[in-house]
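Student: Turn this into a model:
(chains A, B and C)
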Amino acid sequence: MSLLSQTKLYSTQAKMMLEDVIIYRADVISRLISWTSRFLISAFLWIAILHSNENGVVGGYDLQEALTYFLLMQVVTGFVFTSSGFRFADDIQSGNLSGRLVQPLYYPLLVISTELGRTFFYFITNSIICVAIYLLFRDYFSFHLSGGFLVLGILSMILAFLMNFALNSMIGMLAFWISSSRRLIYHFFAIITLLSGVLIPLEFFPDKLEYALRLSPFPYIFYFPVHMVQSLEWSAELRLGLALQAGYTFLLIGLMALQYHFGLKKYEAVGR
Amino acid sequence: MRRSDVKVFIHLLKVNIKKTLIYRTNFWISLFAMALWMGIYVIFFEILFMHIDDLAGWSKGEMLIFLSFYYFVQAMGNVLYRESFEIFGDKMRQGGIDFVLTKPVSKQILLFFDEIRFDHIVDFFLTALLFVYAVLQTGIVIQPGLFLIGIVLAIFGNILFYGLLLLIASLLFYVDRMDGIGSFMWHLSQISRFPRQIYSGWGKWLFQFIFPLALLVSLPTEVALGHIDIKMLFYFIAISLLFFALGNLSFSLGLRRYSSAN
Amino acid sequence: MNKKIIQVRELSKNFVSFKKGEGLKASIKDFFQREKVLKEAVKKVSFDIEEGEFVGFLGPNGAGKTTTLKMLTGILTPTSGEAEVLGFTPWKRKLAFKKQFSLVMGQKNQLWWDLPPLDSYELFRHMYEIPYDEYKKSLHFLTDLLDIGASLETQTRKLSLGERMKAELIGALLHKPKVLFLDEPTIGLDVVSQKAIREFLKDYNRETKATIILTSHYMEDIKRLCPRVLIIHEGIILYDGDTSMLNKKFAQNKAIDVNFSRSVNKKDVQKFGEIEEWRELGARLSVPRAEVTQILARLIKEFPIDDVSVHEKSMEDIVSDIFTKKNVSI
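Tutor: Residues are numbered from 1 along each chain as shown, chains lettered A, B, ... in the order given. The predicted model follows:
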């Protein structure tokens, strides 16, 4: 299959997923309310946290910085979040994967193009909500966005999406060997909720723990893209972070492809 | 509730226990999952309280006790009805509630109490451990009487949440599809994850009086800790029963619109 | 004349769905402004069924038979019209009504998937408040009739399709319903299982005098079980009467099978009737019922015929013709 045909195939898949996501209005509206409520809860929580200290600064964050962090986190999670693990697990367990194996395509690419369709929608709608919140409550936020860091931020988000996709898929692909991989994905969500800065910025962690975390892949899934967008200086720390993020992305994608290769051998042997 | 409904419910308890014993690995997976989530939030509060002394008037120990009450309320739902509500949308889309409508038993028992998850019994055990940890950490003295009232109020919290879930489930009779319903329910429940005092201004009115989810865990914990606001207490009981009634009404109305599946 | 158990008057059911345009632009447009599509699934049907009758509902996919069944069991509320089953309005879903009927759907199961059928039967026992002795007696009677003893202790998901359907039927009949609604009970079953289910239903209807309404695609089900059939198509009842009278009512034509002793010109044979099948030394013609004798005489006179036979069209062909509105008087 030529590169052009392949591009058309996977982009059509992404487009179809996007159509699928917006076909049911109640679905869209309930998701929008869910995400908005998530930010609202964070906002109220962090207002209460910041008000508990007389000087209005906690963990190095003042109120505006904290709310900006969580608003950006909302946008980033909309882009980076994926349910690829569930797709892999369900298709493997049900045997639906067999139908895909006889088609002229590479199944992981099909899954990623499906996820991109979803991601595009969630990113756009999340961003619209966040812009609306910013416009309504401008005084509570302090954005310092520059063109260069915005572009780097988007690059970082793409890498983060790929990392998250790879990790999720690898857990989902455990379905080649075990029956309960689906539930392990929820455990993964729990871990990254804390360790990737979704619940609390990394600066709040004790120094040694923060240092160790920054060497792991977790902060590069959510925390780092947020940090990149809000950066003012192209520091050594940022350069190292981006390099680490890129490195982890390539490593995890490679591991994912390898796991798929071995998993398929097992799948065919079992004869599902 | 009729005698046959009670007997059916007891039988559902028995068959679900049997199911739990058949799929034993679910028990360990549930234990690990709950321990992980609980651990995440304990760590969150431990880290947070390295930087602050109190959160909206709640000390670290009180927050950990709050957390144990949160998981206690959640555990009740996890065992009794959460799974049933999560799969309700799919069931409805596939015509899976057809048979329920033809049976001479309470529809809610067959729809929302057929997937009782006894593997989540471990949640209560972990919640108790967390509670003990919190009490030992902080040296707070809990009066047994007030603690029991707190437990009773936690049950009312579940009644309120169940009523709200019925209201949300009823929406499914009016729309084609709402796949995000499980996620929607989970996000709403997060409103109750933190004390009601964090919600200020219009947030206070929204989450304490209109959608009083902020009271779900707060009120029971406040009473258990000896901070009693009698007016709020009575209001909480009344609103729980009101939401339960509203949920039932909306569900009955929704059933009239049911259009099955091919 | 027996008591009327089911009375239906001008029952209708409409469904509203939404058009989905093709492509992303159309999807975005549809999000904000959708076009409604009204489907009239059942259009003013009326019929009566007496106690003890075994009635078949025949129709292609989307004809309205399952929708009608669902209205009669209270699953759906009709758009208009009235119906009474055992003296109750079904969609009011009264408890006393639900205790007197049963519904079995071939494509769905109501037994617990991960547990043996016996556990589900215990649940039904409590549901229908069946006294223990009566429950045991019914279970024994049904198990014998269906010959499915040991399987009831196996998890439902491990049973074969045939065994599962038998187990479903037992569960549906434990409380001795006065009316049994069956929606395609033999679908997907092998020939042996289909036969077993049919034999059982026939015996059950005869022994208990339960009223049975059966919907099916399979002509064999209708032919073997239902002295009376309602043919429904595009929401309208096209026929309500004796199954054996279908030919007389609908088949305007008969089939003449001829074998020739030598080759003949097809065009010459075509003058006598529509050629349904053409062989090297034979043909099957469809000729108007009233002209059979005349055409037969002319064929024998004009062609070198070895053998000839006349038959009624098969019920399958008649029903197929009804649905495609071919050569039938509706």
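
Student: does any bit of the helix or strand that contains residue C:230 sit next to chain B?
Tutor: In this assignment (DSSP states H and E), residue C:230 forms part of strand C:228-233. No. Strand C:228-233 stays clear of chain B (C-beta under 8 Å from any C-beta of the partner chain), getting no nearer than 15.3 Å. Yep, even glycine has a C-beta here, placed from its N, CA and C like the rest.

Student: how close does residue A:154 sit to residue B:178?
Tutor: 31 Å (C-beta to C-beta, to the nearest Å).

Student: Residue of chain A nearest chain B, please.
Tutor: As assessed by C-beta to the nearest C-beta, chain B sits closest to residue A:26 within chain A, at 3.5 Å.

Student: So for that residue, what's the nearest residue that isn't a sequence neighbour?
Tutor: Counting by C-beta to C-beta, 6 or more residues apart in numbering or on different chains, residue A:26 lies nearest to residue B:175, which is 3.5 Å off, once chain neighbours are set aside.

Student: When residue A:154 and residue B:178 are compared, which one has more neighbours?
Tutor: Set residue A:154 next to residue B:178 and count neighbours by other C-beta atoms under 10 Å in any protein chain shown: residue B:178 wins out with 24 against 14.

Student: how near is the more buried one to chain C?
Tutor: 15 Å (C-beta to the nearest C-beta, to the nearest Å).

Student: what's the closest non-adjacent residue to that residue?
Tutor: residue A:26 (4.7 Å).

Student: thinking that neighbour is in contact with residue B:179, fair?
Tutor: No. Applying C-beta atoms under 8 Å, one finds residue A:26 not in contact with residue B:179, separated by 9.4 Å.

Student: Packing partners of the lengthiest helix in chain A?
Tutor: Assignment by DSSP state H gives helix A:236-270 as the longest helix of chain A. Secondary-structure packing of helix A:236-270 (3 or more C-beta pairs under 8 Å, 6 or more residues apart in numbering or on different chains; DSSP states H and E): helix A:107-136, helix A:147-172, helix A:223-229.

Student: Confirm that the residue of chain A closest to chain B sits in a strand.
Tutor: No. Read with DSSP: H, G, I helix; E, B strand; the rest coil, residue A:26 is helix and lies in no strand.

Student: Next up, the contacts around it.
Tutor: B:171, B:174-178 (C-beta atoms under 8 Å, 6 or more residues apart in numbering or on different chains).

Student: Check residue B:225 too.
Tutor: B:62, B:65, B:140, B:142, B:146.

Student: Buried among the residues you listed? Need that as a selection in ChimeraX.
Tutor: Those of the contacts of residue B:225 that count as buried under 16 or more other C-beta atoms under 10 Å in any protein chain shown are selected in ChimeraX with:
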select /B:62,65,140,146
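
Student: Among the contacts of residue B:225, name the ones in helices.
Tutor: B:62, B:65, B:146.

Student: Tell me which of the helices and strands packed on helix A:236-270 approaches chain C most closely.
Tutor: That would be helix A:107-136 among these, by C-beta to the nearest C-beta, at 9.9 Å.

Student: Can you point out the helix or strand that includes residue 37?
Tutor: Went with chain A since none was named. helix A:25-51.

Student: Correction: the question concerned chain C.
Tutor: strand C:36-50.

Student: Check which strands are paired with that strand and give the direction for each one.
Tutor: strand C:4-18 (antiparallel) (DSSP bridges).

Student: Can I get stretch A:202-211 as CSV, trimmed to CA atoms?
Tutor: What follows is stretch A:202-211 as a C-alpha-only set of coordinates in CSV (Å, rounded to 0.1, in the frame of the first residue of the first chain):
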residue,chain,number,x,y,z
LEU,A,202,5.2,18.6,41.0
GLU,A,203,6.7,21.5,42.9
PHE,A,204,4.6,20.5,45.9
PHE,A,205,6.4,17.2,46.2
PRO,A,206,9.3,16.8,48.6
ASP,A,207,12.6,17.7,46.8
LYS,A,208,14.0,14.2,46.5
LEU,A,209,10.7,12.8,45.3
GLU,A,210,10.3,15.6,42.9
TYR,A,211,13.8,15.0,41.5
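
Student: which residues touch it?
Tutor: Taking C-beta under 8 Å, 6+ apart as the rule, stretch A:202-211 contacts A:58-61, A:213-214, A:219, A:223, B:47-48, B:50-51.

Student: Inside strands: which ones of these?
Tutor: Judged by DSSP state E, the contacts of stretch A:202-211 include A:58, A:61 as members of strands.

Student: Filter the contacts of stretch A:202-211 down to the buried ones, PyMOL style.
Tutor: The buried residues among the contacts of stretch A:202-211 can be selected in PyMOL (16+ other C-beta under 10 Å) with this line:
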select buried, (chain A and resi 58+59+61+213+214+219+223) or (chain B and resi 47+48+51)
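
Student: picking up where we left off before, out of the ones in helices among the contacts of residue B:225, who's nearest chain C?
Tutor: Nearest member of those to chain C, counting by C-beta to the nearest C-beta, is residue B:65, at 38.3 Å.

Student: Identify the spatial nearest neighbour of that closest one, chain neighbours not counted.
Tutor: Per C-beta to C-beta, 6+ apart, closest to residue B:65 is residue B:134, 4.6 Å.

Student: Quick check: residue A:174 vs residue A:168, distance?
Tutor: In terms of C-beta to C-beta, residue A:174 sits 11 Å off from residue A:168.

Student: out of those two, which sits in the more crowded spot?
Tutor: Taking neighbours as other C-beta under 10 Å, residue A:174 and residue A:168 compare with residue A:168 leading, 26 against 20.

Student: Touching, that one and residue A:84? I think so.
Tutor: Yes. Contact criterion C-beta under 8 Å: residue A:168 and residue A:84 qualify, at 4.8 Å.

Student: ok, residue 235 - how many residues close by?
Tutor: Looking at chain A here, since you left the chain open. For residue A:235, using other C-beta under 10 Å, the count is 10.

Student: wrong chain, I was asking about chain B
Tutor: Neighbours of residue B:235 using other C-beta under 10 Å come to 16.

Student: got it, and residue C:178?
Tutor: Around residue C:178 there are 17 residues (other C-beta under 10 Å).

Student: Could you pull up phi and psi at it?
Tutor: Reported as degrees, to the nearest 10, the phi and psi values for residue C:178 are phi -80, psi -30.

Student: swap in residue A:201?
Tutor: Main-chain torsions, residue A:201, degrees, to the nearest 10: phi -60, psi 150.

Student: try residue B:251
Tutor: Phi and psi for residue B:251, reported as degrees, to the nearest 10, are phi -70, psi -40.
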